[in-house]
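>>> What follows is a predicted protein model with its sequence.
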Number of protein chains: 2
Amino acid sequence: MAADNPYRLYLPEDRIPTQWYNLRADMHERLDPMRLPDGKAVTFDDIRPVFADELCRQELDDTTTYFDIPEGVREMYRVYRPSPLCRAYNLERALDTPARIYFKFEGNNTSGSHKLNSALAQAYYACEQGLSTITTETGAGQWGTALSEAAAHFGLDCDVFMVRASFEQKPFRRSVMQTFGANVTPSPSETTEVGRRMYADEANRSGSLGTAISEAVERALHVPENRGRYQLGSVLNQVVLHQSVIGLESYDALAELGDYPDVVIGCAGGGSNLGGLIAPFMRDKIQGTHPNTRFVAVEPVSCPSLTRGRYAYDFADTGQTCPLVKMYTLGNGFIPSPDHAGGLRYHGMSPIVSRLRHDGLLDAVAVRQTDVFAAATQFATLETILPAPESGHAIRVAIDEALRCKKTGKEEVILFGLTGTGYFDMTAYESYNNKTMVDSVPTDEDLERGFATIPAVPGIQGAGGAPLA
Amino acid sequence: MAADNPYRLYLPEDRIPTQWYNLRADMHERLDPMRLPDGKAVTFDDIRPVFADELCRQELDDTTTYFDIPEGVREMYRVYRPSPLCRAYNLERALDTPARIYFKFEGNNTSGSHKLNSALAQAYYACEQGLSTITTETGAGQWGTALSEAAAHFGLDCDVFMVRASFEQKPFRRSVMQTFGANVTPSPSETTEVGRRMYADEANRSGSLGTAISEAVERALHVPENRGRYQLGSVLNQVVLHQSVIGLESYDALAELGDYPDVVIGCAGGGSNLGGLIAPFMRDKIQGTHPNTRFVAVEPVSCPSLTRGRYAYDFADTGQTCPLVKMYTLGNGFIPSPDHAGGLRYHGMSPIVSRLRHDGLLDAVAVRQTDVFAAATQFATLETILPAPESGHAIRVAIDEALRCKKTGKEEVILFGLTGTGYFDMTAYESYNNKTMVDSVPTDEDLERGFATIPAVPGIQGAGGAPLA
């Protein structure tokens, strides 16, 4: 293979984007605003106690197309970016497909995933504002690791609430965060009011991302002198904004290779990786320069917000302390069955991704965990990267698309996001190897119980997210 | 930082070396040959039952300067090479040193270390020869992972004997190998004759690399139709040869940046990473073009073969089934105290590295584990790479050298090998974080017990490696 058709294309550091791209500004209609439980649209002052000021601005701004990336963030991006755009030649050969399969690999940093892209931005703004402490939640542990790393770099204290099931199953993840100096607490914990409430209920004791979010927000609000803020690793508009570096670099690298994707595929938990990856390609679709590009969000059948959820206003957290977000949701009280792909277990979905789905610009498919691990194992053997289970969802669908191309004979270009590595997910791989892995699919009754927790909002929607009469 | 002074320099794929460099051919004197217990020099036919034919040739050839890298190996090198040459700007700033600190990072592949460079070569030659099965030992697990990966790629069966202590402490390492389809057996096992002998002795039950080697060799010799071969991850000349890609790429990348190292630092267990990293720079020193470059091998105080061992012929394995190698050794019966930096627990050392040390061309220092983890943790926080404990040894000395430069004010160029990542070593990090980590240092009596196992060799040396009268 000649150097102009490389396995892995690393753009030079001066090609790291200088601006994040805000897809919202190019969407035909403005997003529905975040709302308070009384139905009022959220203002800067409403969320200012929770998020750093600049992050509040980014959260609410749906008209500015580009935001400058501060030099302090770019300086750390240079340590691990641009991430490589890889061509999966070995996988293509094994599948005997005419498709060209590319993937953007975000696992080459200690956090092991794309999460560091937003963690550095969020910690930077907290540092700039003179704050002392940042708090967050983590499920699979990638976001907590990333934020711990970013906090260490910017000299901030970092409190991580880790979903209790993960805390117990993944002691090594916890150790990584502690190595970066973070305080890691299992959630629900007895250190917050909402945590104590959840802990008292046996059904909630193993925890969920929604509960951990509630605890982290409460903790941030109690840091002395108003110097604490909460930071979220996905879902929010600001996070999708920061993650646009994934898409921008992919766009640049593919242009360098003279290629353009026919289909872009990403796993979707909270939606930040997917939203960031697709951003510049979706712009082209919206603006009509590439109207036929397909976009596919991949989620687990065990937590199918995009494929079986309702498009409604719902709380971002289980404790119902956060604002309401218009999104595809299974209901803030939906507790997914224990599932190893911990990063995709959130009840809701990024409002940007949700809107694209609602408007028919984005497809969504739900896949079974055993099929995901079959794909992940095949990929690892062929491409020398051991994928995170979350990333395995995208690989599954990329392989399916490549096999479809084999049938049709079409030389399509497939791009997928390989969000991270699976070194801390070997328990899941082991259960796959041992054939003890199960595929859990919520029943319609399970879903109904979740939907029942979607609140009525005065003037907006009825209980369960139903339209007003 | 401009792109011409990058944090991480990735050379394009057409700069992957096309040949391995054989430092032996440029050394002023030939290495002492491998010998059989009766003192006879080993021939091709002696080792042919154990290693693939081409690997036997490489092992014994100390006059050919360059060996072509087969296209089948280069094809897989392209998936993860050239590895990046990184500038540790953040570390430099934190240390306030005038030194320029570079490191060659070999952790960007699923095996997590440099071991894949030789694993692919060895599996390739086994495949080319029509063999069915390769066997090996692994301690920390990096070599076993790399060989499993290579075996999967070339369609070979792979039997890995894993030091029992590691097998039990690192179930996730085992799972990675199993994901690549390897059979993993704890050593000593009851599946080989030598294993049963060792297992019967309580003192040997937790295992050692030396014992696992004996078991893997025995297993290879019993594969039907003579289609099994043993493969070793370090120590051997062939492995140092394959690992020369590390040094050659480093040399090329530094030249691109207009720099040349004043000191080259590597951790030393069996010596393959170190031998490969220093190869082209050592050539320059030997040939007089850069006579003042310093080379530093870093080993743990718990297993100090280069700093406290004897330069003598000794068995490569504890079971005394392998040929004798002239090297720095603590004695094939030396069992290092349990130590988390598992990859540096071998009783001997590469004969090439040993000879360079003996000839005064290479310095060696032994460092304490707690000092290593202090350095590794500082590095992780600053450079977003979580180092393997083995690599932490090199980081420790690189930091010490940089601090020396701070005192002298000299703008020296430091190059060290960052051999791998520490994702499977979090138990060790945790013990460091918890301040329960201990530094074990063998007593003189411990060493004497080890030396007593160095055999007498007719016409060559007395018992314990003593010179003949």
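Looks like it arrived, so ask away.

>>> Low-confidence bits of the stretch 351-469 of chain A, can you list those?
Residues of the stretch 351-469 of chain A meeting the criterion pLDDT under 70: none.

>>> ranges for the strands of it?
A:363-367, A:413-418 (DSSP state E, counting those that start in this stretch).

>>> any chance of these in TSV, plus distance to B:G181 and mean neighbour count?
(C-beta placed from N, C-alpha, C; glycine too.) Converted to TSV, the strands of the stretch 351-469 of chain A look like this (distance: least, C-beta to C-beta, whole Å; neighbours: other C-beta atoms under 10 Å in any protein chain shown):
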stretch	distance to B:G181	mean neighbour count
strand A:363-367	23	20
strand A:413-418	21	27
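
>>> Go through those strands and name the closest to A:V438.
With C-beta to C-beta as the criterion, A:V438 lies closest to strand A:363-367 of the strands of the stretch 351-469 of chain A, at 14.5 Å.

>>> In contact with whichever residue of the stretch 151-300 of chain A sits closest to chain B, which residues are there?
When scored by C-beta to the nearest C-beta, the stretch 151-300 of chain A has A:F172 as its residue closest to chain B, at 3.6 Å. Applying C-beta atoms under 8 Å, 6 or more residues apart in numbering or on different chains to A:F172 gives the contacts A:424, B:172, B:423-424, B:426-427, B:430.

>>> repeat that with 7 Å
For A:F172, the contacting residues are A:424, B:426, by C-beta atoms under 7 Å, 6 or more residues apart in numbering or on different chains.

>>> give me the element it is part of.
Using DSSP states H and E, A:F172 sits in helix A:171-179.

>>> After that helix, which helix or strand is next?
strand A:183-187.

>>> Quick check: which helices or strands does that following strand pack against?
Applying 3 or more C-beta pairs under 7 Å, 6 or more residues apart in numbering or on different chains; DSSP states H and E, one finds that strand A:183-187 contacts strand A:157-163, helix A:164-169, helix A:171-179, helix A:209-221.

>>> any chance of these in CSV, with mean pLDDT too?
As requested, the helices and strands packed on strand A:183-187 are exported to CSV (pLDDT from 0 to 100):
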stretch, mean pLDDT
strand A:157-163, 96
helix A:164-169, 87
helix A:171-179, 92
helix A:209-221, 92
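
>>> can you list those in JSON lines and add distance to B:M349?
Shown next, in JSON lines, are the helices and strands packed on strand A:183-187 (distance: least, C-beta to C-beta, whole Å):
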{"stretch": "strand A:157-163", "distance to B:M349": "42"}
{"stretch": "helix A:164-169", "distance to B:M349": "40"}
{"stretch": "helix A:171-179", "distance to B:M349": "30"}
{"stretch": "helix A:209-221", "distance to B:M349": "49"}
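
>>> quick one: which of these is nearest B:S250?
Nearest to B:S250 among the helices and strands packed on strand A:183-187 is helix A:171-179 (27.4 Å), distances taken as C-beta to C-beta.

>>> tilt between that closest one and helix B:171-179?
Comparing the axes of helix A:171-179 and helix B:171-179 via axes from the mean of the first three to the mean of the last three C-alpha atoms, to 10 degrees yields an angle of 120 degrees.

>>> So for helix A:171-179, what gets flagged as buried?
Buried positions in helix A:171-179, judged by neighbour count with 16 or more other C-beta atoms under 10 Å in any protein chain shown: A:172-179.

>>> so which of the residues you listed comes closest to A:H358?
A:R173 (34.3 Å).

>>> count of residues packed around the nearest residue to the closest one once chain neighbours are set aside?
In this structure, A:R173 finds its nearest non-sequential neighbour in A:G141, 3.5 Å apart by C-beta to C-beta, 6 or more residues apart in numbering or on different chains. Neighbour count of A:G141, defined by other C-beta atoms under 10 Å in any protein chain shown: 30.

>>> what does the one 10 residues further on give?
Summarising burial for A:A151: neighbours were counted as other C-beta under 10 Å, giving 29.

>>> For my notes, confirm it occurs in a strand.
No: under DSSP: H, G, I helix; E, B strand; the rest coil, A:A151 sits outside any strand and is assigned helix.

>>> Please name the spatially closest residue to it (chain neighbours excluded).
What sits nearest to A:A151 in space, not counting adjacent residues and going by C-beta to C-beta, 6+ apart, is A:C158, at 3.6 Å.
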